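Novice: This is the structure alone, sequence omitted:
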């Protein structure tokens, strides 16, 4: 297990390094215009452009450029010129509690509903409930987040003032915190819940045909026990895979639309701002930040696999 | 759950009837391509201590018959008719809940592939404990575990105290099948259904598992239904044999009846195509031409007709499963030929076999 | 049948395997893998196959018989040892050097369901190698494939069908047609009948027999079922734990086995004769 974890960690570091090089090359080498001018922003003075050129190492060789820029980003000294001279790393760190509040809440909702609907759909496969759940899931998958958010905002905060329209309250006031987050949670969770229920349904239908499920029935276990302990338990691997990736993307700033529409100034909100201003240092930092979370959750998924399937746990010793 | 009424309990001293009686069992499945009659009128009785072999190829209905006995083929698209009685207690009309009490506790079943028949994510011990506690939740986890260790030891797993905590993939194929048997025996059932229990195993392991089943059969009076395609296995352990083809029983009799006086040409074909180590090898293996029929469009009349070199006009009608030998009313077959003709036709180069079609 | 590769070395064995070894390393280590042990799948085996004969290779799962097969065919790179085909050393040849030899040595696989590409038509499956090796094309190719299909007991009309439309036995016939397409001299049959129904097994065994007589094929027949192996083979080699423990004439090995493992293997095979098996049980019972 230690060997597995150490190797996985080294792998993760290698992947992150590769991503940082790739991001660096895309932003610095590919564009034809002067990168320093773009960093300095639209109304920059020639002096500012010069300073930026020096600060970001554009007057040096490519490897040195890479080193300088990574140093800026990783030591928290990168400043955004287009976005009111804010410190980029600080801005990202400030966004984390908001993004985490949004994503964790939404994840609980989508996992609960996705697993619940997938489960009842699978055990009633072909029946009325299955078809009903299928339709609901497909509606959920097809509703664009921006549309759903707009509907929510119009009807539930403007027409009936059930929820506050937007913004974020820190967790120190839990009631307000939750009240502000319910709509964004639901908005973000709907698509995933629908999607997960479909994946779980098909995974469970596959597992139901396994020989060991027949054995479980032949032992005289109750239908519910067979379904929960043998079918559902063995169907969770694809769900865990998806969850690791999806959650990593969202924590890393992927909830752009939801955060923007509900004015939750998290990482995703910052991504939207950076994209709007084409602020290249921010985009670069956020991309690396996002990649970090995706790689992190992938590693967690791999370790979760070993828990879910003992054959993987001992995979190396079994010849 | 306590409100579930027990259906008419058999008289406790049910010495009269057989342990297991299957009467005119028919199992049909609705599929996209039409209705499939997988089992079409199977009858047999089983007594304690007896081994009944059901022999057939893929699609013969042998596995469906076995699984239907404990209700594993029940589903919205299956249609089950006929009767299965365990000590006089009708099983086909029982609710799913009631049937769960029978499965595993009174009738146990083991399957072909021990590699896939145990859940890979739970330890072997945990799966045995689960079986025990499913039928008697008053047994504590630790005493159920002790029982599991004992059972594993009884079926010949060395160092059971330690191996009980192993996952199935840490067991060899033969040990997994032993663990399956241990799990089946946990509640001291009266009937064991073994569906191709040795097909996936090596011959040396197969011999061990067959001996184990035989031992249990003798020492515990465990009535056994052995589903197999391998006549060698049948010869080793069975007392009586049913030969199935296209969902129907085509011949049934004692072990010696089937091997030394087979009445149905399909049985001749099966016996003839064996590669026997105890006899000089023939120049060519006698073979049955064609392939087993698709259950979606069974031939009219005798299902074996298209592959049978002895087919004649009458074969367009389905022959009944009747006793055709005056001296032996328990040996039945579905073939229109006269017993005298049969004895002549089945002799091929001094052995029993099926003539090659010209 | 066009006779390709005319280097017929009369007299000598068609295939000669000497001290063939295939070990799989077991690697371990925290950061850098070091070889800590080996699985000795094939541990120094030697045998030869004469032209026109059938050598049966029998053993239980894990005995190394399938690995041996693949190592001989150079589908797996042998760890050491020599494999001579028609007197020519083929162990260690590159892929490109092996290509002409692939026409001469073919393989029939166990699982007729998994070994045929489900998206290809039968005609393509059988004819592809003819095309790749530029033996035939266009109309000639089609005629050739249809002949082959007929030869293995299928109908020429099956040319445009897909594998899933066939039964297990018919698929194995397709697999045989594919193996024979290039007119090989040596055919490795890896458990060719063990996935088939009893009544179909005999058909395939007989077909292989007939094809051998007609085309002068040489077989290496690998199987766990010693009864089938004995029926089809002239000579038998028994494998256990990566080694050949006994080689000999088929009847000799089955009737008078010398090696303890062969004896154990034969004793475990059930005899489909109730009186015989009762007698054997009693003998076993009295001797202990």
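Specialist: Perfect, I can see it now. Keep in mind that this is a model prediction, so the values were computed, not measured. Residues are numbered from 1 along each chain as shown, chains lettered A, B, ... in the order given.
Novice: distance of residue B:192 from chain A?
Specialist: Residue B:192 is 11 Å from chain A, where distance means C-beta to the nearest C-beta, to the nearest Å. Bear in mind the C-beta positions are built from the backbone N, C-alpha and C, glycine included.
Novice: ok, that residue - contacts?
Specialist: For residue B:192, the contact set (C-beta atoms under 8 Å, 6 or more residues apart in numbering or on different chains) comprises B:107-110, B:184-185, B:213, B:216-217, B:222-225.
Novice: let's see 6 Å
Specialist: Contact analysis of residue B:192 by C-beta atoms under 6 Å, 6 or more residues apart in numbering or on different chains lists B:108, B:222, B:224.
Novice: and if you look at residue A:23?
Specialist: The neighbours of residue A:23, taking C-beta under 6 Å, 6+ apart as the test, are A:284, A:287.
Novice: So it, which state does it fall into?
Specialist: helix (DSSP: H, G, I helix; E, B strand; the rest coil).
Novice: Was I right to think residue C:83 contacts residue C:93?
Specialist: No: judged on C-beta atoms under 6 Å, residue C:83 makes no contact with residue C:93 at a distance of 9.5 Å.
Novice: are any of the contacts of residue B:192 buried, and which?
Specialist: By neighbour count, with 16 or more other C-beta atoms under 10 Å in any protein chain shown, the contacts of residue B:192 hold B:108, B:222, B:224 as buried.
Novice: quick one, what contacts the second one?
Specialist: Right, the one you point to is residue B:222. B:192, B:216.
Novice: Also the first one?
Specialist: Residue B:108 is in contact with B:184, B:189, B:192, counting by C-beta under 6 Å, 6+ apart.
Novice: which SSE is it in?
Specialist: Residue B:108 belongs to strand B:107-110 when elements are defined using DSSP states H and E.
Novice: Contacts made by the helix or strand following that strand with the rest, please.
Specialist: Later in the chain than strand B:107-110, the nearest helix or strand by DSSP H and E is helix B:124-135. With contacts defined as C-beta under 6 Å, 6+ apart, helix B:124-135 is touched by A:219-221, B:104-105, B:139, B:144-145, B:147-148, B:164-166, B:179, B:183, B:186-187.
Novice: how much space between residue B:237 and chain A?
Specialist: For residue B:237, the distance to chain A - C-beta to the nearest C-beta - is 21 Å.
Novice: Which residue ranges make up each domain of chain C?
Specialist: C:1-26+C:36-104+C:186-257, C:114-183 (automatic domain parsing).
Novice: which stretch among those domains comes nearest residue A:185?
Specialist: Each of the domains of chain C has some distance to residue A:185 by C-beta to C-beta; the shortest is domain C:114-183, at 44.6 Å.
Novice: I'd like the average pLDDT over the closest one.
Specialist: Domain C:114-183 shows a mean pLDDT of 89.
Novice: And for the residue of the stretch 151-300 of chain A found nearest chain B, the neighbour number?
Specialist: Nearest to chain B, among the residues of the stretch 151-300 of chain A, is residue A:220, at 3.4 Å (C-beta to the nearest C-beta). Residue A:220 has 24 neighbouring residues, counting by other C-beta atoms under 10 Å in any protein chain shown.
Novice: Same question for residue A:283.
Specialist: 20.
Novice: Now it: closest residue in space that isn't a chain neighbour?
Specialist: Distances taken as C-beta to C-beta, 6 or more residues apart in numbering or on different chains place residue A:274 nearest to residue A:283, at 5.0 Å, with adjacent residues excluded.
Novice: now swap in residue C:119 and tell me
Specialist: Excluding its sequence neighbours, the residue lying closest to residue C:119 (C-beta to C-beta, 6+ apart) is residue C:162, at 7.7 Å.
Novice: in the sheet, who's paired with the residue nearest to the spatial centre of chain B?
Specialist: In chain B, the residue lying closest to the centroid (C-alpha atoms, centre = their mean) is residue B:227, at 2.8 Å. Beta-bridge partners recorded for residue B:227 (DSSP bridges): residue B:54, residue B:195.
Novice: I figured it hits residue B:60, correct?
Specialist: No: because the distance of 9.8 Å does not satisfy C-beta under 6 Å, residue B:227 is recorded as not touching residue B:60.
Novice: Can you name the residues of the stretch 151-288 of chain C sitting close to chain B?
Specialist: C:167, C:169, C:197-199, C:202-203, C:205-206, C:227-228, C:231, C:254, C:268-274, C:276-277 (C-beta under 6 Å from any C-beta of the partner chain).
Novice: What about those residues, which are in helices?
Specialist: C:169, C:198-199, C:202-203, C:205-206, C:227-228, C:231, C:254, C:268, C:274, C:276-277 (DSSP state H).
Novice: which neighbours does the top strand by length along chain C have in its sheet, and in what orientation?
Specialist: As assigned by DSSP state E, the longest strand anywhere in chain C is strand C:34-49. The sheet places strand C:34-49 alongside strand C:15-28 (antiparallel), with pairing taken from DSSP bridges.
Novice: list the buried ones in the strand it pairs with?
Specialist: Per 16+ other C-beta under 10 Å, strand C:15-28 contains these buried residues: C:15, C:16, C:17, C:20, C:21, C:22, C:23.
Novice: Pull the residues that contact that strand.
Specialist: Residues contacting strand C:15-28 (C-beta under 6 Å, 6+ apart): C:33, C:35-42, C:44-49, C:67, C:71-72, C:78-85, C:186.
Novice: Of these, keep whichever come out buried.
Specialist: C:39-42, C:44-45, C:47-49, C:67, C:71-72, C:78-79, C:81, C:83-85, C:186.
Novice: show me the residues around the residue of the stretch 151-300 of chain A closest to chain B that make contact.
Specialist: Counting by C-beta under 6 Å, 6+ apart, residue A:220 makes contact with B:100, B:103, B:104, B:105, B:134.
Novice: Next, format these as JSON lines and append pLDDT and secondary structure.
Specialist: Converted to JSON lines, the contacts of residue A:220 look like this (pLDDT from 0 to 100; DSSP: H, G, I helix; E, B strand; the rest coil):
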{"residue": "B:100", "pLDDT": "93", "secondary structure": "helix"}
{"residue": "B:103", "pLDDT": "93", "secondary structure": "strand"}
{"residue": "B:104", "pLDDT": "90", "secondary structure": "coil"}
{"residue": "B:105", "pLDDT": "92", "secondary structure": "coil"}
{"residue": "B:134", "pLDDT": "92", "secondary structure": "helix"}
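Novice: Of the residues you listed, which is the most crowded?
Specialist: residue B:104 (27 neighbours).
Novice: unless I'm mixing things up, residue A:183 is touching residue A:154, no?
Specialist: No: Residue A:183 is beyond contact range of residue A:154, at 11.3 Å (criterion: C-beta under 6 Å).
Novice: Counting neighbours, go ahead and name the busier of those two.
Specialist: Neighbour tally, residue A:183 and residue A:154, criterion other C-beta under 10 Å: the higher count belongs to residue A:183, 23 against 10.
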